[in-house]
Each structure stands twice: as C-alpha cells, then as structure tokens.
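Below is the sequence, then the predicted model.
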Amino acid sequence: MEIFLNNLIEKSKSAIESANKIVITAHLNPDGDALGSSLALYNTLKETKECKVLLPNNIPDTFKWMPGCNEILIWGEETTQILQDADLIFILDYNNASRVDKMQKLLEESKAKKIMIDHHPNPQTELCDVVFSNPEAAATCELMYFFLKKCGLKISEDAATCIYTGLVTDTGCFQFNCTGQQTFQVASELATYKFDRSEVIHHIYDSYSEGRMRLEGYVLSNKMVVFPEYQTAYISLTMAEAEKFDYKVGDTEGFVNLPLSIENVKFSAFFMERDGLIRCSFRSKGDFKVNTIAEKHFNGGGHDNAAGGKSYKPLDEVVKRFVNLLPKVTKKLQKK
Ligand SMILES: [Mn+2]
C-alpha cells in the first residue's frame, strides 16, 4: 500500500520548511516504537529546526539510552506554552487525540498544522492536515524511515538507531506476523549504517532490574491461569503485588506475551491495576482477532493480534468478566 503520495510529501515538506516551532508527540506510556519514531524525526530535524519532543508521561528506563532521549520533555503545566506555541505538530504512533491523555484538549484546540504518521487502524483524520496511516506496517518506525527518505531528509546514524529500535520492539525481534517485506527492506537498508545492532538488542532485552526479573517469575508461577479447553491464558496483577518487587513503570511490558510461549495457547490477556484503573492487554497468535474483543467488552481496540482496553471496575470483577466471556468469544479456538 503506497501511502506516501507525492502531494502529501510535498505538503509535509513545505510544512516543515515554513514551521518555526515543531513539536513531536507520541502516545501515553511510550514504547520503543513511539520513542523510536519520535527521536528519529527529532534527531533529523533538530539540526536545522527548532524542534521538541513532548510526551504525555514518563519514558521507561529501558529506552533511556536512546540518542536524544535526555532532551525529551514530559507533559506538565510548564509545557502548556510549548504546545500552544507550536506551528507544526507531529502525531506519531497513535491514531486518536485521546491517546495523549492530558495533552488531548490542547492538541485538539491547537491551530498548528498536524501531520500524523501511524500504523493503528481508524485514524482520526479530521484532526490532521496530513495523514500517513498504514495498519499493515509493522511499526511507525517503518513508516518514519520512508517518510524521511521521501522528504529528502538525511538519516543520521542516531536516527537509524532509533528507527531500528522501533522495528525490533514492535515486531518482537521480527517474529510477529506484522513483520512484512517492507519491514525487512527497512532493516536491510539500516544494516548499511554503522550503529551496533546487537547493542540495541542488549539495551532493550538485557536491561531488567532484579525486581523485574523476579516479578516475571512470580507472575508465571503464581498468577498465570491457563484454560486448555479455550487455548487461552491470562495473568492478573495488583499494584500491591508489583510493589513487592520494586515495581517501576515498564516492568510489566511484555508480560501479556508470556503465555503465548505455551504450545497450545493462542489467546492471552494481562490485567493490571494501574493509575486508578484496570489496564487490559490482549495478544493472540494466528487469525484469532483480539481487537474486536477489546472493543466490544473492554473499552479499547487495537490490532488483530495485539490490543488493549481499560475498566474502572475492581480487578477481580474485570477478570471474572473475562473468564465468563471465554466460552463465547473463543469459539474459534475450541477443539471440536
Ligand atoms: Mn507502534
């Protein structure tokens, strides 16, 4: 799918050229792809433009090594002015203004030109002047690579490192189904750069704290519930439990994927009490869709194999609801 139409690239190039204050935004609880795409663009534009990355909340420690990470601004009263003064805003790795939490209102009210680059389905097009959206892309970083190239911007070693980070994290090291021909094309072109690719992997995957490692052991042995008859498993976690293991934001990243390593588990869920609500994550293997379940039952949405939702009910109620839904929603997975 060609989304980088000439007229849209021309529009973006002139928006960048005429902008005096560029603000790059990405979604709440930024992941490797949100940070990768933001910092790739930041590292490219900062040479010639006044440009800032502004995120709704904190960056997980795992990604603090990324080039330019120290210069990222985190949302607070004092950053209001920055968003208000912007004349060009980039919306990266999210499809809807609600994904930037407390920044939503200012973003929607802003008169700045807005360019969205994203791979989540159903983009809020009316929010933006230019939308580059492709749900088939494995990562926003994949799209960012083509965007920078098509705009004639030179991709530095630092920007390449950031793009590679997003590719690696959103594809689980190129293992998920979303990994496509273009993903490998970008990866292969990035291989011509001199940055240390194995170093990127070490930073991301070999950076757990002792507490994070033990928390994983705890949820696997005590908190994972498997339903072989539904090829489904879930993990639930309270904040009190997590805190016993010196919990830090980002520590439960990837927990939702853990049950999928069991041979006959095709659908997995993770429920965690956080920020006064229950965050729900869903993953699946093969053609079992989890976004429809997230949408219909958990106030959320997402990709076919990776989705999320939330609930304001107590954790045990949310889990109960999930378990009660299983006979109905897992029909495709039940052995006849
Ligand atoms: Mn992404």
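Received the coordinates, thanks. Numbers count the residues shown, from 1 in each chain.

quick one: pLDDT of the closest residue to the ion within the stretch 151-300 of the chain?
Here the stretch 151-300 of the chain gets closest to the ion at one residue, Asp170, 4.6 Å apart by Cβ to the ion. Placement of C-beta: from N, CA and C, glycine included. At Asp170, the model reports a pLDDT of 95.

check contacts around it.
Asp31, Gly32, Asp33, Ala138, Ala139, Thr140, Cys141, Phe176, Cys178 (Cβ atoms under 8 Å, 6 or more residues apart in numbering).

now the third one, what's its secondary structure?
Spelled out, that is Asp33. Judged by DSSP: H, G, I helix; E, B strand; the rest coil, the three-state class of Asp33 is helix.

Show me what the helix or strand bottoming out on mean pLDDT in the chain is in contact with.
Every helix and strand in the chain was compared by mean pLDDT, DSSP states H and E; the lowest is strand 301-302, with a mean of 92. Under the contact criterion Cβ under 8 Å, 6+ apart, strand 301-302 has outside partners His120, Pro121, Asn122, Phe282, Val290, Asn291, Ala294, Glu295, Ala307, Gly308, Gly309.

What is the burial count for the fifth one?
The one in question is Val290. Using other Cβ atoms under 10 Å, the number of residues around Val290 comes to 27.

same check, this time on the first one
Other residues near His120 number 21, with proximity taken as other Cβ under 10 Å.

Need the nearest residue in space to it, chain neighbours excluded.
Asn95 (4.0 Å; Cβ to Cβ, 6 or more residues apart in numbering).

With the second one instead?
Distances taken as Cβ to Cβ, 6+ apart place Pro135 nearest to Pro121, at 4.4 Å, with adjacent residues excluded.

can you confirm the one you found is in a strand?
No. Judged by three-state DSSP, Pro135 forms no part of a strand; its state is coil.

Thought His303 was touching it, still the case?
Yes. Using Cβ atoms under 8 Å, Pro135 makes contact with His303 at a distance of 7.2 Å.

Could you check which of these two has the larger neighbour count?
For Pro135 and His303, the more surrounded residue by other Cβ under 10 Å is His303, and the numbers stand at 22 against 15.

which residues touch the more buried one?
His303 is in contact with His120, Pro121, Pro135, Cys178, Asn291, counting by Cβ under 8 Å, 6+ apart.

which residues in the stretch 51-200 of the chain form helices?
Per DSSP state H, counting those that start in this stretch, the stretch 51-200 of the chain carries helices over the ranges 80-85, 104-109, 140-150, 157-171, 181-190, 197-205.

and the gap between Thr330 and Asn177?
Counting by Cβ to Cβ, to the nearest Å, the gap from Thr330 to Asn177 is 19 Å.

So between these two, which is more surrounded?
Taking other Cβ under 10 Å, Thr330 and Asn177 do not tie; Thr330 has more neighbours (18 against 15).

returning to what we had before: ok, which of the helices of the stretch 51-200 of the chain comes nearest Val256?
helix 157-171 (13.9 Å; Cβ to Cβ).

tell me the angle of that closest one relative to helix 140-150?
140 degrees (axes from the mean of the first three to the mean of the last three Cα atoms, to 10 degrees).

Start at 581, not 1
All set: I'll call the first residue 581, so the last point we hit is now helix 737-751.

Identify each buried residue in helix 737-751, please.
The neighbour-count check on helix 737-751 (16 or more other Cβ atoms under 10 Å) flags 738-751 as buried.

Save those as CSV, and put in distance to Val603 too.
Below are the buried residues of helix 737-751 laid out as CSV (distance: Cβ to Cβ, whole Å):
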residue, distance to Val603
Asp738, 19
Ala739, 18
Ala740, 23
Thr741, 22
Cys742, 17
Ile743, 20
Tyr744, 24
Thr745, 21
Gly746, 19
Leu747, 24
Val748, 26
Thr749, 23
Asp750, 23
Thr751, 28
